[in-house]
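# Quick check, what structure comes out for this input:
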Amino acid sequence: MSLYLLRRLLQAALVMLAMSVIVFVGVYAIGDPVEILISPDADQMERERAIKALGLDLPLWMQYLSFLGNALRGDLGRSFVFNEPALQLILQRMPATLELAFGATIMALIIGIPLGLYAGLKPKSFGAKCIMTGSILGFSLPTFWVGLMLIMVFAVQLGWLPSTGRGETVDVMGMRWSFLTWDGLRHLAMPALNLALFKISLVIRLTRAGVRETMLMDFVKFARAKGLTNRRVISVHVFKNIMIPVVTVVGLELGSTIAFSVVTESVFAWPGMGKLIIDSINVLDRPVIVAYLMIIVLMFITINLLVDLSYSALDPRVRLENK
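Coordinates of the predicted model:
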């Protein structure tokens, strides 16, 4: 296991290095932030002074080497707009995005797995057909439209839930979290549901397919022949086997949920990393853009590693192959 972890960490370092080159060159080759940040009335001397202050007078390769050296020390640059460390700006917004993404993932598992089990165990029933039809809608409906409809119904018409913002937060270890308060949970409900719709549909279909496949296997027939109850067969033998693909896919989707929560955060004015990156793109705040993308890449790598480890914990065959 230690050799496997060492190999994965080496692969992660190489991926981070390659992505740093791609991200840095791609972001720095697009647009000129000076045109946005500097007043059009500024003379040439002021423009040159601003370019030098931002470090944009150096060749691209020198800018990259400077960025790489600073990144190894934990410095991903200073924001052109806020004049604060880009990493600090992102870490301030990260708790909001993380609780939104984890809330959506937990909601997808809580809703998707029972519905998928029912649809897999009773595939010809009317309820199962309704569930599968609903999963198609979850895949098809655009996120921004669903978000607007949720606001229209639950915030404007019924007045049950707040439409924007994060609500009351609590400071835990220097970070602000809203899910620890009732007001924060009310603010979190609609954005998390909006972000979870696609994942709910995905979990339903994965669970249903896993149940249909597992119920035909020999070990399930043998368990029934031993006289085990239907509840025991499903909860012990079937459930554990269908969780292997569900955990794998949902774990990988968690990274995309964090990265692509931009639309939901924009619709519900959720103060997370997605809203920050949109604002930074509008003003070409390059250090914040690069820092955000590098952190997202690191999150994907970390989540993939955790998924692989959990996969080996769920599937004994993987542990035997490693041995």
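# any weak-confidence spans in the protein?
Applying pLDDT under 70 to the chain flags the ranges 1, 4, 29-44, 46-47, 50-51, 53-57, 311-323.
# wait, isn't Pro271 in contact with Thr169?
No: with contact defined as C-beta atoms under 8 Å, Pro271 does not count as touching Thr169 (10.0 Å). C-beta coordinates here come from the backbone N, C-alpha and C atoms, glycine included.
# what about the closest residue to Asn241 other than its chain neighbours, neighbour count?
With C-beta to C-beta, 6 or more residues apart in numbering as the criterion, Asn241 has its nearest non-adjacent residue at 4.9 Å, and that residue is Thr214. Residues lying near Thr214 (other C-beta atoms under 10 Å) number 19.
# From Ser235, how far off is Thr214?
Thr214 sits 13 Å away from Ser235, going by C-beta to C-beta, to the nearest Å.
# Phe268 now?
From Phe268 across to Ser235, the span is 37 Å (C-beta to C-beta).
# So which of those two has more stuff around it?
Phe268 (28 against 12).
# Tell me if I'm right that that one and Ser163 touch.
Yes: counting by C-beta under 8 Å, Phe268 does reach Ser163; the two are 7.0 Å apart.
# Common neighbours of those two, please.
Both Phe268 and Ser163 are contacted by 151, 190, under the criterion C-beta atoms under 8 Å, 6 or more residues apart in numbering.
# can you map out the strands along the stretch 51-200 of the chain?
Across the stretch 51-200 of the chain, reading from the start of the chain, the strands by DSSP state E, counting those that start in this stretch fall at 170-172, 175-177.
# what's the most buried one of those strands?
For the strands of the stretch 51-200 of the chain, ranked by mean neighbour count under the definition mean count of other C-beta atoms under 10 Å, the leader is strand 175-177 at a mean of 17.
# Show me what it packs onto, helices and strands only.
In this structure, strand 175-177 makes packing contacts with helix 86-121, strand 170-172, judged by 3 or more C-beta pairs under 8 Å, 6 or more residues apart in numbering; DSSP states H and E.
# Contacts made by that strand with the rest, please.
Taking contacts as C-beta under 8 Å, 6+ apart, the residues outside strand 175-177 that touch it are 94-96, 99, 169-171, 184.
# Produce a ChimeraX select command limited to the buried residues of these.
To isolate the buried subset of the contacts of strand 175-177 in ChimeraX, counting by 16 or more other C-beta atoms under 10 Å, use the following:
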select :94,95,96,99,169,184
